[in-house]
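> I need the structure of the sequence given here:
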Amino acid sequence: MSNGLFGTVRPANINIANDVEILYYYRPTRGTGSDDFDGYRNLNPTDCLVYSVTENTHDRIDGIYDLRLPMDEFNKKGFYNVYIRPKVCTTRIIDVSVLASYPDVRGVVLNITTGDLAGITDLTGYRIEFSDGTSRLIKSCNRCEPVSVNVGDGYPTVTRYNLVDTSSSYVFCTVSPSSAPSFKPNASPYIGTPTEEVKVINTKFSPQLIEIEMVEHDIETLTYSVEGDQVRDRDNGILTTYNTDKEIYKQFDFYTVKSKLGKELYDVKKERSLIDNTQTYDNVVKE
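Predicted coordinates:
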C-alpha cells in the first residue's frame, strides 16, 4: 500500500562514448610520483565500461556498469587514481542573440555537428562553463537558422534566429539564468560572447575518483604461504609450497651455511627461479 512517498533518484541513461570521460594517474607509492607520468592520461570509456547484466535473463541493468581496466596500462605495482567524470566538450560560441519572433528570449548559438559536440543531439540539461568561470544550465536546445531582421527605420539589419525542424548545424540554447533579477532590472547576466571558447558538460552523473592499489600478492596468495601445504626435500634441500588445488605455488632452496669448522651459522631460504616439477604433491605425498 502506497504511503504517498515517491523516490526522486533514478539511474542515469548515458551514452558511454559521448557522455563519459575516464582518466588515470599512476604513482609507485603514496608519497612519490612516477617519472613517466606528468599528468592524467585518457582511457577509452567504451573499452572500460560494460553494462552489468542480470544473472538469469542477461538483460542489462541501467545505471550499473562493470569497470574493466586494460592490463597493458595497469601492469605495475603501485597506486592508480581512476577519475570517471562527465565528458568535457570544448567548443566556441557561434553567436549570442535572440529569437526573431521573441526578442525577449536570449540564448547561445552553438554548432552541434563539429568537434567534441559531434554525435550529441540534445544539450538540454547540460552545463555550459564560460571562460570567466561563470556556469549556466542549458534549459532548452533547438535547431535554428540565422535570419536578417530590420529592427526599425534608419537602423541596419541585425542577425537573429528562427527555430527550425530541419537538420541545421546550429542550435539555439536558452540558459538559466539569462534574464535580469527583479532587484537589478538593468543588469544582464553574462552568457558569453561570440567566438568565446566554452566547455559543455553533461549533468547525467557525478564525477567519481577511485583509488586502485596493484600488489604482487593478495589474500589468497598470502594464505598459500602462511597456511598452505609445504614439503621439504631433505635430499636436495628444496622447499615446495602448494596452493589449495595441490599445485606448486613457490619453491625455495633451503640450506644451512656453516663455518670452516663445521659450525652452523645461518639457515637460508632462497626462492628458486627454475621450478623442479618432480616435486608435485602427488609424487611426494602418497595418500
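
> so which helix or strand takes in Thr46?
Per DSSP states H and E, Thr46 falls inside helix 45-48.

> report all helices and strands that that helix contacts.
helix 16-19, strand 20-27 (3 or more CB pairs under 8 Å, 6 or more residues apart in numbering; DSSP states H and E). All C-beta atoms are positioned from the backbone trio N, CA, C, and that covers glycine.

> pLDDT of the first one, averaged?
Right, the one you point to is helix 16-19. The pLDDT scores in helix 16-19 average 90.

> give me the buried positions along it.
16, 18-19 (16 or more other CB atoms under 10 Å).

> partners of Glu264 in the sheet?
Per DSSP bridges, the residues bridged to Glu264 are Lys258.

> these two touch, right, it and Lys258?
Yes - in this structure, Glu264 is within contact of Lys258 by CB atoms under 8 Å, at 5.5 Å.

> quick one: the helices in the stretch 151-287 of the chain?
In the stretch 151-287 of the chain, the helices defined using DSSP state H, counting those that start in this stretch lie at 219-227, 281-284.

> so for Asn202, which of the helices and strands packed on helix 45-48 sits nearest?
Across those, the minimum distance to Asn202, taken as CB to CB, is reached by helix 16-19, at 5.2 Å.

> just checking, what packs against that closest one?
helix 45-48.

> for the helix it packs on, give the mean pLDDT please.
pLDDT averaged over helix 45-48 gives 94.

> next, the angle from whichever helix or strand comes after that helix to strand 20-27.
Remark: after helix 45-48, the chain's next helix or strand is strand 49-53, criterion DSSP H and E. Strand 49-53 and strand 20-27 are oriented at 110 degrees to each other (axes from the mean of the first three to the mean of the last three CA atoms, to 10 degrees).

> partner strands of strand 49-53, with direction?
According to DSSP bridges, strand 49-53 forms sheet pairs with strand 60-67 (antiparallel).

> may I have the helix holding Thr46 as CSV, with CA atoms only?
Extracted in CSV, the C-alpha atoms of helix 45-48 (Å, rounded to 0.1, in the frame of the first residue of the first chain):
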residue,chain,number,x,y,z
PRO,A,45,35.5,4.6,-21.9
THR,A,46,33.9,2.1,-24.4
ASP,A,47,36.7,-0.3,-23.6
CYS,A,48,36.5,0.2,-19.8
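
> and which of the buried residues of helix 16-19 is nearest Thr8?
Among those, and counting by CB to CB, the member closest to Thr8 is Asp19, at 21.1 Å.

> rewinding a little: and of the buried residues of helix 16-19, the nearest to Ile120?
Looking across the buried residues of helix 16-19 and measuring by CB to CB, the closest to Ile120 is Asn18, at 5.6 Å.

> so who does the closest one touch?
The neighbours of Asn18, taking CB atoms under 8 Å, 6 or more residues apart in numbering as the test, are 87, 119-120.

> go with 10 Å
Contacts here follow CB atoms under 10 Å, 6 or more residues apart in numbering; on that basis Asn18 touches 45, 87, 89, 116-121, 202.

> equivalent analysis for Val215, please.
Counting by CB under 10 Å, 6+ apart, Val215 has contacts 77-78, 221-222.
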